[in-house]
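Q: Give the three-dimensional model of this entry:
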Amino acid sequence: MNSSFDPWSSWGPADLGQTRAAQQRQLPQVPADHGLVVEERETGWVGAVLGVSPAAGMNLVTLEDRSGRTRDFPLGFGFLVDGRSVELVPPPRQKPVAAARRRTASGSLAVENVSARTARASRIWVEGLHDAELVEKVWGDDLRIEGIVVEPLHGADDLAAAVREFGPAPHRRLAVLLDHLVPGSKESRLAAEASAVPGAADNLLILGHPYVDVWQAVKPQRLGLDAWPQIPRGTDIKVGTCRALGWPAENRSDVAAAWKRILSQVRSYTDLEPALLGRVEEIIDFVSAAEE
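A: Numbers count the residues shown, from 1 in each chain. Next up, the predicted model:
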């Protein structure tokens with residue numbers, strides 16, 4: 001027997017290529033459906049599928065990672081789903097149906113070809129400009145259809161006096177969204193005082209979220225963070241957050257730029273914490289139910 005015989009010596013690159021192709025054909029085919037989380041084996045990039053599009057004679061799949069960054073890869077082999085090697089294939093085409101109704105950033109069905117309603121007497125108050133801008137970005141379409149105006153309070157220290165001046169009534173409801181409305185907080189005391197104003201019963205609703213500032217109601221993952229930094233009491237929450245993240249924080253312009261950066265990462269209600277979502281939805285429902 002010839003001990004130097006090599007059983008693989010007669011194999012060439014073509015044979016190896018055929019073997020690899022055969023192995024690939026045995027991989028399960030997985031449609032690249034929107035939202036499917038996959039890993040690109042070669043780069044280690046992990047992301048959710050945003051879509052598939054043709055380019056240069058091939059199909060590209062766009063993946064978005066947890067920080068909101070996107071990257072395109074050729075559709076096909078070289079992907080992992082739940083740790084298993086798969087072949088990503090285009091999602092199946094749906095039979096033609098009536099055009100799907102667009103959803104607003106808040107997740108509600110959009111009402112098309114309808115002008116904004118004339119503003120009602122009822123109002124929603126939030127503590128500051130940043131709160132108002134966030135509510136507008138996510139719920140703006142809903143608010144315009146309902147004719148509801150959101151106004152910033154620029155601080156809640158004089159909330160009871162402001163409510164008294166507003167004069168809540170059945171046709172003129174008022175809803176207030178406060179930051180850091182937790183038992184024992186200053187905000188809880190201010191809410192109790194405002195709720196005792198004549199006419200407030202059944203016509204005033206004060207709700208809040210547990211965050212010291214509305215910045216923290218944006219999911220930190222949208223900024224590439226595991227969690228928002230803990231800021232010591234006595235330090236301005238916005239300035240402290242900027243400094244903790246290494247962002248400029250020397251003046252109001254720096255803080256405004258930081259908020260613009262945060263707000264730009266909010267695409268819809270899915271980018272906000274549930275503790276804020278439920279409160280805003282409840283407030284909108286309350287004001288919308290005011291007598292005409």
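Q: Which parts of the stretch 101-250 of the chain are helices?
A: In the stretch 101-250 of the chain, the helices defined using DSSP state H, counting those that start in this stretch lie at 129-146, 159-166, 186-195, 237-244.
Q: Output those helices as TSV; include the columns mean neighbour count, distance to Asp202 and mean pLDDT.
A: Heads up, the C-betas are built off the backbone N, CA and C, glycines and all. Converted to TSV, the helices of the stretch 101-250 of the chain look like this (neighbours: other Cβ atoms under 10 Å; distance: least, Cβ to Cβ, whole Å; pLDDT from 0 to 100):
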stretch	mean neighbour count	distance to Asp202	mean pLDDT
helix 129-146	20	19	89
helix 159-166	17	14	95
helix 186-195	16	11	94
helix 237-244	19	34	97
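Q: Let's have those helices in JSON lines, adding distance to Phe77.
A: Output for the helices of the stretch 101-250 of the chain, formatted as JSON lines (distance: least, Cβ to Cβ, whole Å):
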{"stretch": "helix 129-146", "distance to Phe77": "39"}
{"stretch": "helix 159-166", "distance to Phe77": "61"}
{"stretch": "helix 186-195", "distance to Phe77": "56"}
{"stretch": "helix 237-244", "distance to Phe77": "43"}
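Q: for the stretch 151-292 of the chain, what spans make up the strands?
A: 174-178, 204-208 (DSSP state E, counting those that start in this stretch).
Q: And the contacts of the first one?
A: Okay, so that is strand 174-178. Identification of contacts with strand 174-178 by Cβ atoms under 8 Å, 6 or more residues apart in numbering yields 122-127, 131, 135, 153, 156, 159, 163, 166, 168, 187, 190-191, 194, 203-209, 279-280, 283-284, 286-287.
Q: Please apply the same query to stretch 274-288.
A: Residues from elsewhere that reach stretch 274-288 (Cβ under 8 Å, 6+ apart): 106, 120, 122-124, 135, 138-139, 142-143, 146, 148, 173-175, 177, 205, 207-211, 214, 217, 269.
Q: Can you show me the strands along the stretch 1-150 of the chain?
A: Applying DSSP E, counting those that start in this stretch to the stretch 1-150 of the chain gives strands spanning 29-31, 37-40, 46-55, 58-64, 70-74, 79-81, 84-89, 123-126, 149-152.
Q: Pull the contacting residues for Glu291.
A: By Cβ under 8 Å, 6+ apart, the neighbours of Glu291 are Pro170, His171.
Q: I misspoke; the intended subject was Ala227.
A: Contacts of Ala227 by Cβ under 8 Å, 6+ apart are Pro220.
Q: 10 Å - rerun?
A: Taking Cβ atoms under 10 Å, 6 or more residues apart in numbering as the criterion, Ala227 is in contact with Gln216, Pro220, Gln221.
Q: Show me which of these are buried.
A: Burial by neighbour count, 16 or more other Cβ atoms under 10 Å: within those this picks out Gln216.
Q: Closest one of the contacts of Ala227 to Val239?
A: Relative to Val239, the closest of the contacts of Ala227 is Gln216; by Cβ to Cβ it sits at 14.3 Å.
Q: Which pLDDT does the model give the residue nearest to that closest one when sequence neighbours are not counted?
A: Spatially, and ignoring its direct neighbours in sequence, Gln216 is nearest to Trp228 (4.9 Å; Cβ to Cβ, 6 or more residues apart in numbering). Trp228 is assigned a predicted lDDT (pLDDT) of 97.
Q: Now do Trp228 against Val212, distance only.
A: 10 Å (Cβ to Cβ, to the nearest Å).
Q: Could you name every residue contacting both of the two?
A: Ile237, Thr241.
Q: Give me the helix or strand of the protein that scores worst on average pLDDT.
A: The least trusted helix or strand in the chain, going by mean pLDDT, DSSP states H and E, turns out to be helix 13-25, with a mean of 50.
Q: got any ranges where the stretch 151-292 of the chain has weak pLDDT?
A: 292 (pLDDT under 70).
Q: try it again with 90
A: Low-confidence segments of the stretch 151-292 of the chain (pLDDT under 90): 154-157, 180-185, 233, 267-270, 277-278, 281, 288-292.
Q: Pick the most buried one from the strands of the stretch 151-292 of the chain.
A: strand 174-178 (a mean of 26; mean count of other Cβ atoms under 10 Å).
Q: neighbours of Glu64, just the number please.
A: 16 (other Cβ atoms under 10 Å).
Q: Surely it is in contact with Arg71?
A: Yes - the criterion here is Cβ atoms under 10 Å, and Glu64 meets it with Arg71 at 8.3 Å.
Q: Pull up the overlap in contacts between these two.
A: Shared contacts of Glu64 and Arg71 (Cβ under 10 Å, 6+ apart): Gly47.
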